[in-house]
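**Q** no sequence for this one, just the structure:
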């Protein structure tokens, strides 16, 4: 019998520190092969679109914010996916009956037909993934457990708690910044979404519609965000959200002061 030995690369040797990279690598392997299979079967479809298409096939129409909450991705990432699907004529936007500023999304007839055609493929994917993950250390169950723990306390909260225990916390320094970079906008949207979900409220704020975002940082870490709209050249505060572990630190006051003086 021939024994084949595989040498661990540097990232694999990094262990748990590189878990994000390892998960991304597994995702990339699955994504590339799945997209190749879709194409070979004659479907103009990519795995990154699955979550949105599946959610809308179960419940429709939904707002952008509701879709973002359902699939668990940031608001800007969700918008990017929706634009791609809209260009493919798989989804369409309609005005909300109660609020004309709000867009609701639903599948087009073409999108609905595509979902029906893809269901046999998805059954095969379930079969293959079940066999891939059905081992001693079940990946699917492990991901569920990790997500549950992150809902209890975020990675950031756990890191800050550890830093506090080890005496590595800097004196609190609050800075406010008007958000113009896409990556920072994604963080601001994520803060809004987290606070909104705690309140049971989901409001959509799209920069395309004229909303302006400000974000508060404590020691360089995102702590809160404010959304304003300009009405007759006056700033109107639409929403103010601060993460739980930064409350009672004057974040709200700092954001409001920054908006007044801008």
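**A** Happy to help now that I have it. Since the structure is predicted, the reported quantities are computational estimates derived from the model, not experimental observations.

**Q** and the residue nearest to residue 204 when sequence neighbours are not counted, how many neighbours?
**A** The shortest distance from residue 204 to any non-neighbouring residue, by Cβ to Cβ, 6 or more residues apart in numbering, is to residue 65 (4.2 Å). (C-beta placed from N, C-alpha, C; glycine too.) Using other Cβ atoms under 10 Å, residue 65 is surrounded by 22 other residues.

**Q** do I have it right that residue 65 meets residue 202?
**A** Yes: using Cβ atoms under 8 Å, residue 65 makes contact with residue 202 at a distance of 4.6 Å.

**Q** overlap in contacts, those two.
**A** Shared contacts of residue 65 and residue 202 (Cβ atoms under 8 Å, 6 or more residues apart in numbering): 193, 196.

**Q** which ones are touching the residue nearest to residue 204?
**A** 75, 193, 196, 202-204.

**Q** host element of it?
**A** According to DSSP states H and E, residue 65 maps onto helix 64-71.

**Q** next helix or strand past that helix?
**A** Next in sequence after helix 64-71, counting helices and strands by DSSP H and E, comes helix 75-87.

**Q** quick one: strands adjacent to the next helix or strand along the chain from that following helix?
**A** Using DSSP H and E, the next helix or strand after helix 75-87 towards the C-terminus is strand 91-95. Sheet pairing for strand 91-95, assigned by DSSP bridges, gives strand 103-107 (antiparallel).

**Q** does anything pack onto the next helix or strand after the strand it pairs with? Which helices or strands?
**A** The first helix or strand that comes after strand 103-107 along the chain, using DSSP H and E, is helix 109-133. Contacts defined by 3 or more Cβ pairs under 8 Å, 6 or more residues apart in numbering; DSSP states H and E place helix 109-133 against helix 19-40, helix 50-58, helix 139-152.

**Q** which of those has the lowest mean pLDDT?
**A** Ranked by mean pLDDT, the helices and strands packed on helix 109-133 bottom out at helix 139-152, with a mean of 85.

**Q** which outside residues touch the longest strand anywhere in the chain?
**A** What stands out as the longest strand in the chain, according to DSSP state E, is strand 221-231. Defining contact as Cβ under 8 Å, 6+ apart, one finds that strand 221-231 is touched by 156, 160, 174, 179, 187-188, 191-192, 205, 210-217, 235-243, 246, 249, 251-252, 255-256, 259.

**Q** filter the residues you listed down to the buried ones, PyMOL style.
**A** Typed into PyMOL, the line below selects the buried ones among those, using 16 or more other Cβ atoms under 10 Å:
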select buried, resi 160+174+179+187+188+191+192+205+212+213+214+215+216+217+235+239+240+241+242+243+246+249+251+252+255+256+259
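
**Q** in strands only, show me the contacts of strand 221-231.
**A** Using DSSP E, the contacts of strand 221-231 in strands are 174, 212-217, 235-242.

**Q** just give me the closest of these to residue 147.
**A** Nearest to residue 147 among these, counting by Cβ to Cβ, is residue 241 at 21.9 Å.

**Q** need the nearest residue in space to that closest one, chain neighbours excluded.
**A** Leaving aside its chain neighbours, residue 241 sits nearest to residue 195 (3.8 Å; criterion: Cβ to Cβ, 6+ apart).

**Q** in a helix, that neighbour, correct?
**A** Yes: membership of residue 195 in a helix is supported by DSSP: H, G, I helix; E, B strand; the rest coil.
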